[in-house]
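S.K.: pasting the structure only:
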């Protein structure tokens, strides 16, 4: 492969082009997995029988009543499974459980001629349950000793000695809720079996190869008997990395049993009550600062709510621990992690994959401790930024730390932060019941999969005799613009106009053994593989054309006539990654993406309602592959982060009544999502300039996940505004999410004389006269 990051002068990458399916999306012409069902003859529809208990043993299952319902064809149960009846990768997610582990779990599936027939059939299935003790919260699980998975530790230096040597020591807890993916397209799959017994599954999945593996295992087949295609997804955000496998398996099993195509498409309520969510976390911490207000030592234990099964909780926890430092150098560190098992839907991947939870811990610490230290939070954060040559707690040298500082300084300057801070102080002095606040926060996010083997990709590129180009690659499109970038990469490498290049849907029989489109690595991995394949073809044609200036079409035709292969398989693997999961040490990331955001909010003292007045963002995407796509990802990620931190409040029934464990926020009417009304009145987004990334495709960087953490600026601005309701130096504790109700009660606490302390215990050795 030629130099991966070198970009030619006439490149198509870097041009502002629209999303490749934009016109189809806005006109409603784009096809998604479930749209294919109406084009499929004799299709059956699957409907789950959901358990009404958070934890119970299934003692009886009678399906005869369902079979008497007109239109019901079959009821899928464990006896129908020819292979292994489990949808997980840890053998802990039975398709037809004998023990229910969350409220709403499917115990069997009814197949009907219509969705209504299947629904009525599901209602006619009789199930007997023996209720068992259920655990719903992290604290309940800790008290009960209900843990699962590994309990890793990252450690550097001597944290006890570091805390003892600190001038200021604080301790406290930080808790944060999960988040619902709420993708527009719910979980969907459509399966049929051909005359040779080959199983073809259309699935809304981020990980077609793993969906293929699970389906094959359930059916007792080899992988080459199963083909999975991901046409496109109507959003995913990590919720379609692991979760689709079981639904695809149900569709495929139904198709094998009945000989007819089977469709699975969850309703919104089913999707909300049956699928996994972002991990909630609980952190206990002790932190030390030196006499100049720099971070000196941190001891923290992070506990993740894994839900009922292990799913991806171990790598999520590992990434959380690896991101507690965010952009800050902490000499002495001890970070311990553990996962609790609760009787709720299994927590799973979500944009950021644990990184946001880890980073929120340190940002919450700094926001709470700044007033106690008498240091402005913006200044406090800047004092502990990484410098050249420093390494993370897990041993990776931080490359280009100056980019975090450049993004920070640019935000301060272009956002007029200091001027506006003075304006805000004047406003607050004149308004007793409305306060404004401003805050600046950084982002440092590592790019690569935690699991080294996943850092590889393949591509298959065809050039036809007329000069048109067709690309297959292992990445999936969920609206993030990956296919758009891949077209630009191919057009640049082949040196052809963009309109010559078309993308084919992602299929396991075209590019095998693919990794999930996740970890923000889709463009890095697949772009390098596409570039490799295109370079092979272009080099063959260039050798043929030596000394001649031929038009592309003429060159391609001559290549065909000279029997030169006009197709190529490309491959890429990320070099330089080393990781010891037992020691939690190594170089797990290819590089770091940096960013900074300044947010200004206005808070109503009567209601706790918040209004975001202005946000300024500078974000590092390297040399952008597609500016419009990257700007959209930054804006969308930021707003999704604001939703997690300020609006989206998952609630389960934690009473001891018969509905214990039921998800109370089962619809958009009870689960508040960010909308256009939550957008800042002013939103300024800039891409960091002069940020070329060596060793990445055309010098670019990942953009999918890092911008979500820019939303910390909004949460910290809310903290600043709430503090303004109290006396100078008021410390504010904010729940996460900081909903209007939570903000209102924080304001009430701030209004009380003296305000709240930022932590459970504070030791100030400087004022106590200690060394």
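M.R.: Received, thanks. Because the structure is a prediction, the values reported are computed rather than measured. Numbering: from 1, shown residues only.
S.K.: and the closest residue to residue 639 other than its chain neighbours, what element?
M.R.: In space, and not counting its chain neighbours, residue 639 is closest to residue 674: 5.2 Å by C-beta to C-beta, 6 or more residues apart in numbering. Quick note: C-beta positions are derived from backbone N, CA and C, even for glycine. Per DSSP states H and E: residue 674 is located in neither a helix nor a strand.
S.K.: neighbours around residue 674, how many?
M.R.: Residue 674 has 18 neighbours, counted by other C-beta atoms under 10 Å.
S.K.: OK, contacts around the nearest residue to residue 740 once chain neighbours are set aside?
M.R.: Leaving out its chain neighbours, the residue that sits closest to residue 740 by C-beta to C-beta, 6+ apart is residue 608, at 4.0 Å. Listed by C-beta atoms under 8 Å, 6 or more residues apart in numbering, the contact set of residue 608 reads 739, 740, 741, 742, 743, 744, 745, 746, 747.
S.K.: the second one contacts residue 605, correct?
M.R.: No: using C-beta atoms under 8 Å, residue 740 makes no contact with residue 605, being 11.4 Å away.
S.K.: would you mark the buried spots in stretch 560-569?
M.R.: 566, 568 (16 or more other C-beta atoms under 10 Å).
S.K.: could you do stretch 734-746 as well?
M.R.: Buried residues in stretch 734-746, defined by neighbour count with 16+ other C-beta under 10 Å: 734, 735, 736, 737, 738, 739, 740, 742, 743, 744, 746.
S.K.: and what of stretch 151-171?
M.R.: Applying 16+ other C-beta under 10 Å to stretch 151-171 flags 152, 154-156, 159, 162-163, 165-171 as buried.
S.K.: also stretch 182-198?
M.R.: By neighbour count on 16+ other C-beta under 10 Å, the buried set for stretch 182-198 is 182, 183, 185, 186, 187, 188, 189, 190, 191, 192, 193.
S.K.: roughly how far out does that stretch sit from the chain middle?
M.R.: Put simply, stretch 182-198 sits 23 Å off its chain's centre (C-alpha atoms, centre = their mean, to the nearest Å).
S.K.: okay, now residue 323: neighbour count?
M.R.: Look at residue 323: counted by other C-beta under 10 Å, it has 25 neighbours.
S.K.: and it, how far is that from residue 393?
M.R.: 10 Å (C-beta to C-beta, to the nearest Å).
S.K.: shared neighbours, these two?
M.R.: Contacts common to residue 323 and residue 393, judged by C-beta under 8 Å, 6+ apart, are absent.
S.K.: now, which of the buried residues of stretch 151-171 lie within strands?
M.R.: Counting by DSSP state E, the buried residues of stretch 151-171 place 154, 155, 156, 168, 169, 170, 171 in strands.
S.K.: what is the nearest of these to residue 309?
M.R.: Using C-beta to C-beta, residue 154 comes nearest to residue 309 of these, at 25.0 Å.
S.K.: how much space is there between that closest one and residue 448?
M.R.: In terms of C-beta to C-beta, residue 154 sits 17 Å off from residue 448.
S.K.: ditto for residue 672
M.R.: Taking C-beta to C-beta, one finds residue 672 at 34 Å from residue 448.
S.K.: go on, residue 535?
M.R.: Taking C-beta to C-beta, one finds residue 535 at 23 Å from residue 448.
S.K.: now residue 634
M.R.: In terms of C-beta to C-beta, residue 634 sits 20 Å off from residue 448.
S.K.: now do residue 262
M.R.: Distance from residue 262 to residue 448, by C-beta to C-beta: 37 Å.
S.K.: in which helix or strand does residue 128 reside?
M.R.: Using DSSP H and E, residue 128 sits in strand 126-131.
S.K.: any buried residues in the helix or strand following that strand, and which?
M.R.: Of the helices and strands lying after strand 126-131 in sequence (DSSP H and E), the nearest is helix 138-144. Across helix 138-144, burial judged by 16+ other C-beta under 10 Å covers 138, 141.
S.K.: now stretch 253-273
M.R.: So stretch 253-273, judged by 16+ other C-beta under 10 Å, has buried residues 253-258, 260-266, 270-273.
S.K.: stretch 69-81 too?
M.R.: By 16+ other C-beta under 10 Å, the buried positions in stretch 69-81 come out as 69, 71, 72, 73, 74, 75, 76, 77, 80, 81.
S.K.: again, but for stretch 606-621
M.R.: Neighbour counts using 16+ other C-beta under 10 Å place 608, 610, 612, 613, 614, 615, 616, 617, 618, 619, 620, 621 of stretch 606-621 among the buried residues.
S.K.: check stretch 466-484 too.
M.R.: Residues of stretch 466-484 classed as buried by neighbour count (16+ other C-beta under 10 Å): 467, 469, 471-484.
S.K.: repeat for stretch 625-641
M.R.: Buried residues in stretch 625-641, counting neighbours by 16+ other C-beta under 10 Å, are found at 625-626, 628-641.
S.K.: check stretch 448-463 too.
M.R.: Neighbour count says stretch 448-463 has 448-450, 452, 454-463 buried, by 16+ other C-beta under 10 Å.
S.K.: lowest-confidence one in those?
M.R.: In terms of pLDDT, the weakest of these is residue 450, which scores 90.
S.K.: these two touch, right, that one and residue 579?
M.R.: Yes: between residue 450 and residue 579 there is a contact under C-beta under 8 Å: 7.2 Å.
S.K.: mutual contacts of the two, please.
M.R.: With C-beta under 8 Å, 6+ apart, residue 450 and residue 579 have common neighbours residue 588.
S.K.: and which of the ones in strands among the buried residues of stretch 151-171 is nearest residue 219?
M.R.: Nearest to residue 219 among those is residue 154, at 40.9 Å by C-beta to C-beta.
S.K.: give me every residue that touches the closest one.
M.R.: Applying C-beta under 8 Å, 6+ apart to residue 154 gives the contacts 321, 322, 333, 334, 335, 393, 394, 584, 585.
S.K.: can you name the residues bridging to it?
M.R.: Note on residue 154: beta-bridge partners by DSSP bridges are residue 335.
S.K.: measure it to residue 442 for me?
M.R.: 20 Å.
S.K.: who's in contact with the closest residue to residue 503 other than its chain neighbours?
M.R.: Once flanking residues are discounted, residue 503 sits nearest to residue 483: 4.4 Å by C-beta to C-beta, 6+ apart. Applying C-beta under 8 Å, 6+ apart, we find residue 483 in contact with 20, 21, 475, 477, 503.
S.K.: surely the second one meets residue 477?
M.R.: Yes: contact status for residue 21 versus residue 477: in contact at 7.4 Å, counting by C-beta under 8 Å.
S.K.: so what's the spatially closest residue to residue 210 that is not a sequence neighbour up against?
M.R.: Closest residue to residue 210 apart from its sequence neighbours, by C-beta to C-beta, 6+ apart: residue 245 at 6.4 Å. Counting by C-beta under 8 Å, 6+ apart, residue 245 touches 87, 88, 205, 207, 210, 211, 214, 215.
S.K.: now the first one: closest residue in space, sequence neighbours ignored.
M.R.: In other words, residue 87. In space, residue 87 is closest to residue 246, 3.2 Å off (C-beta to C-beta, 6+ apart).
S.K.: residue contacts, residue 307?
M.R.: 102, 276, 277, 313, 341, 342, 344, 345, 346, 347, 348.
S.K.: and the buried residues of stretch 151-171 as CSV, adding distance to residue 127 and pLDDT?
M.R.: Listed next are these as CSV, based on distance: C-beta to C-beta, whole Å; pLDDT from 0 to 100:
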residue, distance to residue 127, pLDDT
152, 39, 98
154, 45, 98
155, 48, 98
156, 52, 98
159, 51, 98
162, 56, 98
163, 54, 98
165, 61, 98
166, 58, 98
167, 62, 98
168, 58, 98
169, 55, 98
170, 51, 98
171, 48, 98
